[in-house]
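> have a look at this prediction, sequence included:
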Amino acid sequence: ARVQRVLDWALASDIFKIDPVIKPEMELALHGKTTPLPKDAHIGRFVRYPERRLVFDLIRGVVPNGWTDE
């Protein structure tokens, strides 16, 4: 499975009770990290020995705020 598929499952689930307005801004990160995972990456590449398990955090990605006139 790819990161996008896991993210889609998490956002479709009622478990996390995420406001529908911010759902498009949500990303997956490895637990305790703030860097979003690439959505097209295979989930298996993030498994590290000896744990053999993955824990993710749902994080809010970068939200553009305002505009610049450059």
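The structure has been received and is ready for your questions.
> point out where the chain drops to low pLDDT.
Low-confidence segments of the chain (pLDDT under 70): 63-70.
> pick out the residue nearest the middle of it.
L28 (1.4 Å; CA atoms, centre = their mean).
> distance of that one relative to A12?
Distance, L28 to A12, by CB to CB, to the nearest Å: 14 Å. All C-beta atoms are positioned from the backbone trio N, CA, C, and that covers glycine.
> span of stretch 51-61 from start to end?
In stretch 51-61, first residue to last residue: 27 Å (CA to CA, to the nearest Å).
> related to what we said a few turns ago, the residue nearest to the centre of the chain falls within a strand, correct?
Yes: per DSSP: H, G, I helix; E, B strand; the rest coil, L28 lies within a strand segment.
> list the contacts of it.
V3, V6, L7, A10, P36, L37, F56, D57, L58, I59 (CB atoms under 8 Å, 6 or more residues apart in numbering).
> which of those residues sits closest to D19?
Of all these, D19 sits closest to L58, with 12.0 Å by CB to CB.
> the nearest residue to that closest one once chain neighbours are set aside: what's it in contact with?
Spatial nearest neighbour of L58, excluding adjacent residues (CB to CB, 6 or more residues apart in numbering): M26 at 5.5 Å. M26 makes contact with L7, A10, L11, I18, L58, I59, R60, G61, according to CB under 8 Å, 6+ apart.
> just the buried ones among the residues you listed, please.
Of the members of those, the ones counted as buried by neighbours, 16 or more other CB atoms under 10 Å, are L7, A10, I18.
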